[in-house]
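Participant: build me a structure from this.
(one chain, ligands or ions: 1)
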Amino acid sequence: MAVTPMMEQYLKIKEKYKDAILFFRLGDFYEMFYEDAEIAAKELEIALTGRDAGTEERAPMAGVPYHAADFYIDKLIKKGYKVAICEQLEDPAKAKGLVKRDVVRIYTPGTIINPESMDEKTNNYLVSVFKERDNYGICAVDVTTGDLYATEIKNCKDNKKVYDEIIKYAPSEIIANEDFLKNNKYIKIFKSNNCAVNTYEKKLYYEEKSKIIENQFNKKLEELGIKDKPYVVNSLSTLFCYLNELQKTALKHINTLLIYEDNSYMGLDSNAIKNLEILESNKNKSKKGSLLGVLDKTVTPMGGRLLKKWLEEPLLNKEHIDARLQAVEELFNDYKNRQDLKQLLNKIYDLERLSSKIVYQSINPKDFISIKLSLQNLPYIKEILQRFSSRLLKDIYEKFDTLQDIYELIDKSIKDDPSTQLKEGNIIKDGYNETVDKLRKASVEGKNWIANLEAEEREKTGIKNLRIGYNKVFGYYIEVTKSNIPQVPERYIRKQTLANAERYVTPELKEIEEAILGAEEKLIELEYQLFNEIREKIELQIVRIQDTAKYIATIDVLISFAEVAETNRYTKPIVDYSDRIVIKEGRHPVIETISDESFVANDIDIGPENPIMIITGPNMAGKSTYMRQVALIVLMAQIGSFVPASYAKIGIVDKIFTRVGASDDIFAGQSTFMVEMSEVANILKSATSKSLIILDEVGRGTSTYDGMSIAHAVIEYIHEKIKAKTLFATHYHELTKLEGKMKGVRNYNVSVEEKEDDIIFLRKIVPGGADKSYGIQVSKLAGLPYSIVERAKEILKSLENDTVIKFELENATQQLAFTQIDIFSTAKDSLIEEIANCDLDNMTPIQALNYLYKLKEKAISLRSGV
Ligand SMILES: Nc1ncnc2c1ncn2[C@@H]1O[C@H](COP(=O)(O)OP(=O)(O)OP(=O)(O)O)[C@@H](O)[C@H]1O
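Facilitator: Sure thing, here's the model as predicted:
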């Protein structure tokens, strides 16, 4: 096959962008070379149009229509591919020879900027990591909103800490230096979370790197607060190099760098975020059933994204927390103004993403109308804000820029219902530009002339059904049906013969046509040019729009807190630095909204003299719920939300740690027990006396005595060395003996009532250890066959004097019951049958005990599908 000049051009460009799928613009189509097209077709499970496939010239290509391209590009990026967009750089009509083409932009998962394809309340972060020895610079940017954060972690031997810092952003793409990627077991987890991870390094001098950053912000490193942060400088300059390489344009909307330290916010690692179900429920991985789901009543996408950020970054400073709480209180008490504000916010579009579209030049005239409709509400918002007196709302009022100059510019220049396409005209309002008005008039008048001419020609020729039409090939023509041809005058020039008619032109018609089409062409060109001028004018004001968007987001979240507080009967917490947590009638914010039974509120009072609570009680009693609710109430207070309690005084907590249940076995080859122990080790290493630790059944993953000893030692260590506030739920009743031995340890249990053979969960936390674990009763509830329950009771009785065996037996029965719940649901018939047919009656207590253990093991292996 002959290689045409265009193919040659294609191959040259493709050579430069080998790792990307190249979308090569050819008129109204984007063409893909067959290898790319095959990948695309496979990934998207579609047959590409295969336009012109088979003709010699374009045989190896397949194309997608220009207007549908976004759809394909989005899908490919989300699958982790890079897509390079190659445009025609000159007008094909005016080009001499082959049209100049080049790649104008590259999309990757972290740089996707088509906001329509994204969840509006979710950010899309690209993270850049730089590692040198044990030091890390991490920065994260969302190019769709311009948000940029950076931090430095020094002398860190623990990859988990770096992982936690990055995963917080749920990035869609990570770029990092070789050093970071080498032997890093967490990369696998990032990848499994649909995140593209790639090496990207720039060998530049430090001065050059500094310059890149200074140029971007137009500020010195000192002013940016990163003069003494070399690792941030490294990761940030790499990030900008990467973005410039991809976007090939300055990213003017990335204006603010938010630097934070290890101790800027409450420490919440990935385990805590997951175990406390802060952003999504563990059951169905959705927002519903999570704290975010309960608190999110925001009405703007910007508010939704900010709320998420606040949840991940609870505050540590009393003054800042109080500022939010007071604002929420004021909004809570002022229903009328809150509702009015909310109604106005409801009309505001995603100003952050629209701003990015301005910078990326992907904004269309309709988007400007969205901006205008948003800005139109700002003066009213400001007016309502004036009525509030809390510090934060007052501060927002004072700084709130209503952007009326931008509103006016759009209002006078852009039509209210413009076309979405830039090259179709119908953008600029009448009266904005004299030439536009004139051209428009000429084009309208031209159409009148045509109508007049038609009437005139009918009259002159006497052909009643003569008509003037238009098509793209011949332009305007006069059409006469076959029967009237004899009446056609000589001056008509025949252009086309149809089955029933002939088409003609006249010099006069051609003259009018030129005037109309010339005006239309000029008009479209001028409207396009004016549109770009308006865009450029607004682009200069992007920082102001972004600032206003941030205030709107803040107001939205505060209103959301006030509304949820009202609906769910929350109270304003008191925060201080007392190190004490006192909660009266606290509730679990999520379970109270989804549970069928009415929620039983519980108290807590822990502080420096009594920091450790050992909580016992049967399975299903409510231990985990109680511990989580304490952590969630503390977290809610520190993000500035009211809390589900009748009273709460929260001594500000620096970090929350959780070790709950069997966590996901994230690394193949690590047992549940290994994961559990490494998590505990990490907690003991990082917690301070200001931390809150939630430990749920630590030690459960190994044999009873080992587990109990580990649990005992852990409590001892926290008590003596860390002195952190700790809630420790356990089935090891032996641990309750620690209360007398260690000053700061108190026993509590979740009370139950025994009624003959059954137990009733009272869900109330009361002082003292549980006297027994009611494993047998719970197993009955769970559906363990009657004969086993009865026999277990007998064995228990005969073992009454042997406390160790009694304890073991309880434990085994109980754990079996626990697994049983899942087994039934997964209908493992064989095991159920075995349980039903087992003959415990003829076993000695020890045999029975062993048998129960074996059953448990089998059940567990069935449950985990081993
Ligand atoms: N205070 C409460 N009021 C009402 N219902 C509650 C309360 N606490 C817990 N529950 C209900 O009981 C269920 C079990 O609670 P939870 O998981 O906390 O028990 P647990 O004691 O930790 O059990 P296990 O030891 O088996 O893990 C919860 O899912 C919830 O529906």
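Participant: how many neighbouring residues does the residue of the stretch 201-350 of the chain at minimum distance from the ligand have?
Facilitator: Nearest residue of the stretch 201-350 of the chain to the ligand: Lys283, at 10.6 Å (Cβ to the nearest ligand atom). C-beta here means a position set from N, CA and C on the backbone, and glycine is covered the same way. Lys283: 10 surrounding residues under other Cβ atoms under 10 Å.
Participant: show the pLDDT at the nearest residue to it once chain neighbours are set aside.
Facilitator: Residue nearest to Lys283 in three dimensions, not counting chain neighbours: Gly289, with 6.3 Å by Cβ to Cβ, 6 or more residues apart in numbering. Looking at Gly289, its pLDDT stands at 93.
Participant: cool, the one 3 residues further on as well?
Facilitator: The score at Leu292 is 97. That number is its pLDDT.
Participant: same deal with the one 5 residues further on?
Facilitator: At Lys297 the predicted local confidence, pLDDT, stands at 97.
Participant: same question, Arg746
Facilitator: Confidence score, pLDDT, at Arg746: 95.
Participant: who does it form a beta bridge with?
Facilitator: Note on Arg746: beta-bridge partners Met613, judged by DSSP bridges.
Participant: separation between it and Ser578?
Facilitator: From Arg746 across to Ser578, the span is 18 Å (Cβ to Cβ, to the nearest Å).
Participant: of the two, which one has the most company?
Facilitator: Arg746 (21 against 14).
Participant: please name the residues that touch that one.
Facilitator: Arg746 makes contacts with Asn610, Ile612, Met613, Ile614, Glu739, Pro767, as judged by Cβ atoms under 8 Å, 6 or more residues apart in numbering.
Participant: does the residue nearest to Lys283 lie in a helix or a strand, and which?
Facilitator: Counting by DSSP states H and E, no helix or strand carries Gly289.
Participant: that one reaches Ile594, doesn't it?
Facilitator: Yes. If you go by Cβ atoms under 8 Å, Gly289 and Ile594 touch, sitting 6.6 Å apart.
Participant: who's more crowded, the two?
Facilitator: Gly289 (19 against 13).
Participant: so who does the residue nearest to Lys283 touch?
Facilitator: Counted by Cβ under 8 Å, 6+ apart, Gly289 has contacts Glu277, Glu280, Ser281, Lys283, Val590, Ile594.
Participant: and the two most separated of those?
Facilitator: In terms of Cβ to Cβ, these reach their longest pairwise distance at Glu280 and Ile594, which sit 14.2 Å apart.
Participant: surely Thr298 is within a helix?
Facilitator: No. Using DSSP: H, G, I helix; E, B strand; the rest coil, the secondary structure at Thr298 is coil, not a helix.
Participant: if I've got this straight, Thr658 is in a strand?
Facilitator: Yes. Assessed with three-state DSSP, Thr658 lies in a strand.
Participant: and the pLDDT at it?
Facilitator: Reported pLDDT for Thr658: 94.
Participant: near the ligand, which residues of the stretch 551-700 of the chain are found?
Facilitator: 591, 595, 597, 599-600, 617, 619-625 (Cβ under 6 Å from any ligand atom).
Participant: ok, now with 5 Å
Facilitator: Along the stretch 551-700 of the chain, the residues adjacent to the ligand under the rule Cβ under 5 Å from any ligand atom are Ser595, Phe599, Val600, Asn619, Met620, Ala621, Gly622, Lys623, Ser624, Thr625.
Participant: which bits of the chain sit near the ligand?
Facilitator: Counting by Cβ under 5 Å from any ligand atom, the chain sits next to the ligand at Ser595, Phe599, Val600, Asn619, Met620, Ala621, Gly622, Lys623, Ser624, Thr625, Arg763.
Participant: what's around the third one, how many residues?
Facilitator: When neighbours are defined as other Cβ under 10 Å, Val600 has 18 of them.
Participant: grab the nearest non-local neighbour of it.
Facilitator: That would be Arg763: by Cβ to Cβ, 6+ apart, it lies 3.7 Å from Val600.
Participant: isn't the one you found right next to Ser595, touching?
Facilitator: No. Assessed by Cβ under 8 Å, Arg763 is found out of contact with Ser595, at 10.3 Å.
Participant: more neighbours: which of these two?
Facilitator: Between Arg763 and Ser595, counted using other Cβ under 10 Å, the more crowded position is Arg763 (19 against 11).
Participant: wait, is that one part of a helix?
Facilitator: No. According to three-state DSSP, Arg763 belongs to no helix; its state is strand.
Participant: show me what contacts it?
Facilitator: Phe599, Val600, Asn602, Ala621, Gly622, Val750, Ser751.
Participant: of these, closest to the ligand?
Facilitator: Gly622 (2.8 Å).
Participant: quick check, that closest one in contact with Phe761.
Facilitator: Yes. Contact criterion Cβ under 8 Å: Gly622 and Phe761 qualify, at 6.7 Å.
Participant: quick one: which of those two has more around it?
Facilitator: Ranked by neighbour count (other Cβ under 10 Å), Gly622 and Phe761 place Gly622 first, with 25 against 19.
Participant: mean confidence for stretch 97-114?
Facilitator: The model assigns stretch 97-114 a mean pLDDT of 88.
Participant: buried set for that stretch?
Facilitator: 99, 101, 103-114 (16 or more other Cβ atoms under 10 Å).
Participant: helices or strands up against the host helix or strand of Leu306?
Facilitator: Per DSSP H and E: Leu306 is located in helix 301-312. Using 3 or more Cβ pairs under 8 Å, 6 or more residues apart in numbering; DSSP states H and E, the elements in contact with helix 301-312 are helix 291-295, helix 351-359, helix 542-567, helix 623-639.
Participant: can you do 7 Å?
Facilitator: Other helices and strands packing on helix 301-312, by 3 or more Cβ pairs under 7 Å, 6 or more residues apart in numbering; DSSP states H and E, are helix 291-295, helix 542-567.
Participant: can you give me how far it is from the chain middle?
Facilitator: 9 Å (Cα atoms, centre = their mean, to the nearest Å).
Participant: tell me the first helix or strand C-terminal of it.
Facilitator: helix 318-333.
Participant: that older thread, determine which two of the contacts of Arg746 are furthest apart.
Facilitator: It's Ile612 and Pro767 that sit farthest apart of the contacts of Arg746, by Cβ to Cβ, at 13.6 Å.
Participant: how about the host helix or strand of Lys438: buried residues?
Facilitator: Lys438 belongs to helix 434-461 when assigned by DSSP H and E. Under the neighbour-count criterion of 16+ other Cβ under 10 Å, helix 434-461 has Val436, Leu439, Arg440, Ala442, Ser443, Gly446, Trp449, Ile450, Leu453, Glu454, Glu457, Thr461 buried.
Participant: and stretch 18-26, by the same measure?
Facilitator: Ala20, Ile21, Leu22, Phe23, Phe24, Arg25, Leu26.
Participant: what about the residues you listed, which are in strands?
Facilitator: Ala20, Ile21, Leu22, Phe23, Phe24, Arg25, Leu26 (DSSP state E).
Participant: ok, those residues vs the ligand, which is closest?
Facilitator: The closest of those, once distances to the ligand are taken by Cβ to the nearest ligand atom, is Ile21, at 47.6 Å.
Participant: quick check: the closest one touching Asp36?
Facilitator: Yes. Ile21 sits in contact with Asp36 when judged by Cβ atoms under 7 Å, with a separation of 4.4 Å.
Participant: not counting sequence-adjacent ones, nearest residue to the most centrally placed residue in the chain?
Facilitator: Centroid check for the chain by Cα atoms, centre = their mean gives Thr122 as the closest residue, at 3.1 Å. Residue nearest to Thr122 in three dimensions, not counting chain neighbours: Arg305, with 6.9 Å by Cβ to Cβ, 6+ apart.
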